[in-house]
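1. prediction below, plus the sequence it came from.
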Amino acid sequence: MDRIYISDKELKERISLNHKRLSEPFYDIDNVFADSSARWPGDKEGRALLAFVSLVRAGEEKIPCMELMLKRLPEMLNEKGWLGPVTGDFFEQQLSGHGWLLRGLCECYTLTGDDALL
């Protein structure tokens, strides 16, 4: 398999474009949490958090929504401790979406060492 190499300049441009995209209203604090009827609870939130952390690791400044999201997360959880409705069973889409959320939280913990993320 041939390897594909990109230049430092191209890499910086791609990272900059990702930063720009993650700074758009779709990812601001009023929109980053999906509403309670989301078909894949935790999916959007987890992917966004993972993207925010990845940008910081790539040398970019934090997207302000990252810290706001972490502060608001506890109040967004249902009485069972997860996102989305309580339906009696933890359904497949909820499990899958929360996989992204857990990965985002783990990466954030690895980056910050903040025990509150555990």
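-> Structure's in. What do you need? Numbers count the residues shown, from 1 in each chain.
2. got any ranges where this structure has weak pLDDT?
-> Along the chain, segments meeting pLDDT under 70 span 90.
3. all the helices of the protein, residue numbers only.
-> Taking DSSP state H, the helices of the chain run over residues 8-22, 43-57, 64-76, 92-112.
4. so which of those helices is the most surrounded?
-> Highest mean neighbour count of these: helix 43-57, a mean of 20 (counted as mean count of other C-beta atoms under 10 Å). Every residue, glycine included, has its C-beta placed from N, CA and C.
5. quick one, that one and helix 64-76 angle?
-> Angle of helix 43-57 versus helix 64-76, following axes from the mean of the first three to the mean of the last three C-alpha atoms, to 10 degrees, is 140 degrees.
6. CA atoms only for helix 43-57, dumped as CSV, please.
-> The C-alpha coordinates for helix 43-57 follow below in CSV (Å, rounded to 0.1, in the frame of the first residue of the first chain):
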residue,chain,number,x,y,z
ASP,A,43,-23.6,10.9,18.9
LYS,A,44,-23.4,14.5,18.0
GLU,A,45,-22.2,15.6,21.4
GLY,A,46,-19.5,12.9,21.5
ARG,A,47,-18.2,13.6,17.9
ALA,A,48,-18.2,17.4,18.6
LEU,A,49,-16.2,16.9,21.9
LEU,A,50,-13.7,14.6,20.2
ALA,A,51,-13.3,17.1,17.4
PHE,A,52,-12.8,20.0,19.8
VAL,A,53,-10.1,18.0,21.7
SER,A,54,-8.4,16.9,18.5
LEU,A,55,-8.1,20.5,17.4
VAL,A,56,-6.4,21.4,20.7
ARG,A,57,-4.0,18.5,20.2
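7. show me how far it is from its chain's centre.
-> 3 Å (C-alpha atoms, centre = their mean, to the nearest Å).
8. over to stretch 51-61?
-> Distance of stretch 51-61 from its chain centroid, counting by C-alpha atoms, centre = their mean, is 11 Å.
9. contacts for that stretch next, please.
-> Stretch 51-61 is contacted from outside by 15-16, 18-19, 22, 62-63, 65-66, 69, 104, 107-108, 111, using C-beta atoms under 8 Å, 6 or more residues apart in numbering.
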